[in-house]
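Q: Provided below are the primary sequence and the corresponding predicted coordinates.
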Amino acid sequence: MKTERRSVLKKLFASAVGVTGLGAVANAKVLNSTPEKVAGNIVEYQGKKLFSNHVIHNGLVYIAGKGAHTDPFDIKSHTEIVLKELEKELIKAGSSMQKVLKVTVYLNDIADYKGMNEVYMGRFGDKPPVRSTIAVAKGGVPGDSLVEMDAIAYI
């Protein structure tokens, strides 16, 4: 009787593992069948490809860091410029601000956190993305921007 029960349990366990294994294989095939990454708006430097402003892969769009490299040099103006540039790039990639899942904010000075937040609030719809905010180390955000943001969104 013990042997029969073990045999039944083994078969049941093997069946469950088999089904789970098949599900994992099916999912892997779906992921692997998606096209290669698609790079958009490639930036060149000295005649060589430097980086893409966005990349699309597996239904997600990754937006390169956007900064504000103009006057006036105040955090609210720079945040406004950065958010508009981020939105333009999302639209070029076939996405939108409402589809953003993750934003990383790089501040030249952590003292600008409040001012950046005042402009940032409400820009991503009723379901805002997760966000990390980082005060950059000595040297600041590249290109004299007071703030830079990158994002991940779905298409």
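A: The structure has been received and is ready for your questions.

Q: show me how this protein divides into domains.
A: Domain ranges of the chain: 1-33, 38-154, per automatic domain parsing.

Q: among those, which is the most enclosed?
A: Of all those, domain 38-154 has the most neighbours on average by mean count of other Cβ atoms under 10 Å, namely a mean of 16. Just so you know, the C-beta spots here come from the backbone N, C-alpha and C atoms, and that holds for glycine as well.

Q: next secondary structure element downstream of the strand ranked longest in the chain?
A: Counting by DSSP state E, the longest strand found in the chain is strand 48-57. Next along the chain after strand 48-57, taking DSSP states H and E as the criterion, comes strand 60-67.

Q: now the element after that following strand, going C-ward?
A: Once the chain leaves strand 60-67, the next helix or strand it forms, by DSSP H and E, is helix 75-92.

Q: show me what that following helix is packed against.
A: Counting by 3 or more Cβ pairs under 8 Å, 6 or more residues apart in numbering; DSSP states H and E, the packing neighbours recorded for helix 75-92 are strand 38-45, strand 48-57, strand 60-67, helix 113-120, strand 147-154.

Q: good, we can wrap up now.
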